[in-house]
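> model this:
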Amino acid sequence: MLKIKYRLRFKSDFHFGSGLGIAGVIDCGLKYNSYGVPEINGRTIKGILRDAVENVVLLKSDDLSIVEDIFGREGEDTTIFRFSTPVLEERHEGRIAKSKYLQRSIPNIEFHNCINRKTNTAEKGALFSREVGPKVFEYKGEITQIKECPPEKKEKYLYYLVCGMRFVTHIGGNRRRGKGLVRLEEILIKDNEQTTPYKKIIEKDVRR
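A predicted model of the protein is given here:
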């Protein structure tokens, strides 16, 4: 079975909202996993890659059927590939899990105010705060084939997935504020026992 491994490197601070906060302190907190590490859900990776692959397809064609082949129809969970939740290296996650001090020191808290576009002044009572994760974080991710498909289709799906991964530049919220700048790097493709660098996949150019 096909497996794509990659490293997710942030180039700026990032924000993945949990929808929760601390009354009077933080309006919008980060989402954390059970080890106290900011979490990027696999569904988020899938959604970001779907948008990126659509852009790759649209460079040459208006037919987006291959996007549905790879990611399934909108709202469906059944797909050919599984997009797992990226994780920190085990040694780093283990250290954070054991230290409340490290957990507390991970996020920065930013304060912002809403600006009235007509008057170009800050609106009263509109001050809000949010947690952001540090740009030094690097995650390891994996995309795994979980359903069989013909070899010629698998080659095409792989091409679009890898190109899409190289198109990704932002993940998470607050992009207008420069948050979530990211690159997916060190992409390696493992098919059975054979490992292939991503550049060889792109060089084949198997677009329709």
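> can we go C-alpha only for contacts and neighbour counts from here?
Fine.
> Which secondary structure state does residue 144 sit in?
Per DSSP: H, G, I helix; E, B strand; the rest coil, the secondary structure class of residue 144 is strand.
> Below-threshold pLDDT in this structure: ranges please.
18-27, 75, 77, 112-127, 205-208 (pLDDT under 70).
> Which parts of it are strands?
Assigned by DSSP state E, the strands in the chain fall at 2-10, 81-83, 108-112, 115-116, 121-122, 128-132, 138-145, 182-191, 194-197.
> so how far is the second one off the chain centroid?
Looking back up the chat, that one is strand 81-83. Computed by C-alpha atoms, centre = their mean, to the nearest Å, the chain-centroid distance of strand 81-83 equals 13 Å.
> what do you get for the third one?
The chain centroid and the centroid of strand 108-112 are separated by 22 Å, computed with C-alpha atoms, centre = their mean.
> Can you show me the helices along this structure?
Secondary structure of the chain, counting by DSSP state H: helices at 42-58, 65-71, 90-98, 100-105, 151-167, 198-204.
> Tell me if I'm right that residue 145 and residue 81 touch.
Yes. Counting by C-alpha atoms under 8 Å, residue 81 is a contact partner of residue 145 at 4.4 Å.
> Please tell me how far the one residue sitting closest to the centre of the chain sits from residue 63.
Among the residues of the chain, the one closest to the centroid is residue 45, at 3.8 Å (C-alpha atoms, centre = their mean). Per C-alpha to C-alpha, to the nearest Å, residue 45 is found 23 Å from residue 63.
> re earlier: quick one: the helices of the chain as CSV, columns for distance to residue 134 too.
Output for those, formatted as CSV (distance: least, C-alpha to C-alpha, whole Å):
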stretch, distance to residue 134
helix 42-58, 18
helix 65-71, 30
helix 90-98, 14
helix 100-105, 10
helix 151-167, 22
helix 198-204, 28
